[in-house]
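Let's see this in three dimensions:
(one chain, ligands or ions: 1)
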Amino acid sequence: MSASEFELIQRHFSELGSRRDDVLLGVGDDAALLQPTPGEVLALCVDTLVGGVHFPQDAPADSVGHKALAVNLSDLAAMGARPAWATLSLTVPTADEDWIAAFARGFGDLARYHGIALVGGDLTRGPLSVSVQAAGFVPRGRALTRRGARPGDAVCVSGTLGDAALGLCLWRDGRADLDEDSRWLVDRLHRPVPRVSLGLALRDCATSAVDISDGLAQDLGHVLQASGVGAQLDVDRLPLSTALVQYAAREDHLTQAMGGGDDYELCFTVPRSCLHKLDAIASRVGVQITRIGTIQPDGGLELVHADRSPARLGKAGYTHFDAS
Ligand SMILES: [Mg+2]
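Residues are numbered from 1 along each chain as shown. Below you'll find the model as predicted:
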């Protein structure tokens, strides 16, 4: 790394995020020195976003910084962990200081909001790529995993589904700025809100959880497989935003909601005995929670309408949407 890259790190990354007492030594040495919380286990995850693959190359730099951290916080949320530390490895094609400053601002704002300290990382030149590793804590034995879903549990999701995939269509088509709804959908793509508070609240009642990064069908599928169960979903209950209903053709709603990735909502299972807690949790954390189905003893993922008639996914393809 050149001297100028050291200077860039010093200027933009040395004090990023929150100050924390458990960081004994942060950015600037060969490694960070961190003091884990006694009695809690460490939840650790890493995610790499490659420009042109995981986000559009022309996405705003502050959004790239936000999203690179947000997708990791979403993984911690799905474990019921409280985020604490992050490391960052940023590869950029040129040392464009304006871009790097905006990236650091997007990353830093979200880190501060969640009380996270950036404790290390590096900056290199090459094709645009961002790797973030995030660490959080959860009391021993209380983490949410993908393994605990049981027959009879309710299947629930936070927020609304399919928005980010539709936002990507609008962004690619240069239609991000049509109106408030289109801007909101593109924001769902570029600036996902990790459901950290919801994940913490669910430690008291959920039997399993996963974050929706690759689409509900795929991510819920991981839970069903890990738990050795099936699920029946009532597709007429899938939560859709008014913006999606406005911009996606009616026949694409189901495919969009089941297959659209990048929403970073949580999908979780709750025993019937705990369902009464969900309204209070939803209002406390300020996130909509919708019950969309029930865990079955087996049978994979079954989609039905409210009248129990089978529902079918259309062919995958998020390019079909109706702007009328
Ligand atoms: Mg995940």
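
Please make it C-alpha for all contacts and neighbour counts, starting now.
Will do.

which residues of the stretch 151-300 of the chain fall in strands?
Along the stretch 151-300 of the chain, counting by DSSP state E, counting those that start in this stretch, strands occupy 154-158, 208-211, 230-234, 266-270, 289-296.

Of all these, which one is nearest residue 252?
Proximity to residue 252 (Cα to Cα) singles out strand 230-234 among the strands of the stretch 151-300 of the chain, at 16.2 Å.

With only the CA atoms kept, save the closest one in PDB.
The C-alpha trace of strand 230-234 is given here as PDB (Å, rounded to 0.1, in the frame of the first residue of the first chain):
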ATOM      1  CA  GLY A 230     -42.000 -28.200   5.800                       C
ATOM      2  CA  ALA A 231     -44.200 -25.100   5.700                       C
ATOM      3  CA  GLN A 232     -47.500 -24.000   4.200                       C
ATOM      4  CA  LEU A 233     -47.600 -20.300   3.200                       C
ATOM      5  CA  ASP A 234     -50.800 -18.400   2.400                       C
END
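
So which helix or strand of this structure has the lowest pLDDT on average?
Within the chain, no helix or strand scores below helix 3-13, which has a mean of 80 by mean pLDDT, DSSP states H and E.

Could you look up the next helix or strand downstream of that helix?
For helix 3-13, the succeeding helix or strand toward the C-terminus, using DSSP states H and E, is strand 23-25.

can you pull the contacts of the nearest residue to residue 238 once chain neighbours are set aside?
Using Cα to Cα, 6 or more residues apart in numbering and skipping residues adjacent in sequence, the residue nearest residue 238 is residue 292, 6.0 Å away. For residue 292, the contact set (Cα atoms under 8 Å, 6 or more residues apart in numbering) comprises 154-157, 233-235, 237-238.

what does the stretch 101-250 of the chain put close to the ion?
residue 211 (Cα under 5 Å from the ion).

For the ion, what's the nearest residue on the stretch 101-250 of the chain?
Nearest residue of the stretch 101-250 of the chain to the ion: residue 211, at 4.8 Å (Cα to the ion).

Could you report the distance from the most centrally placed residue in the chain to the ion?
In the chain, the centroid-proximal residue (Cα atoms, centre = their mean) is residue 264; its distance is 2.9 Å. Separation of residue 264 from the ion (Cα to the ion, to the nearest Å): 8 Å.

and what of residue 45?
9 Å.

Surely that residue is within a helix?
No - residue state for residue 45 (DSSP: H, G, I helix; E, B strand; the rest coil) corresponds to strand; a helix is not indicated.

from here on, count from 286
Done: numbering now begins at 286, and the last item shifts to residue 330.

Quick check: which element contains residue 418?
Assigned by DSSP H and E, residue 418 falls in strand 414-424.

Show me the chain divided up by domain.
As recorded under automatic domain parsing, the domains making up the chain are 288-424, 439-589.

right, so of those domains, which gets closest to residue 596?
domain 439-589 (4.8 Å).

circling back to that earlier point, using a markdown table, please lay out the strands of the stretch 436-585 of the chain together with distance to residue 479.
Output for the strands of the stretch 436-585 of the chain, formatted as a markdown table (distance: least, Cα to Cα, whole Å):
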| stretch | distance to residue 479 |
| --- | --- |
| strand 439-443 | 11 |
| strand 493-496 | 9 |
| strand 515-519 | 24 |
| strand 551-555 | 9 |
| strand 574-581 | 14 |
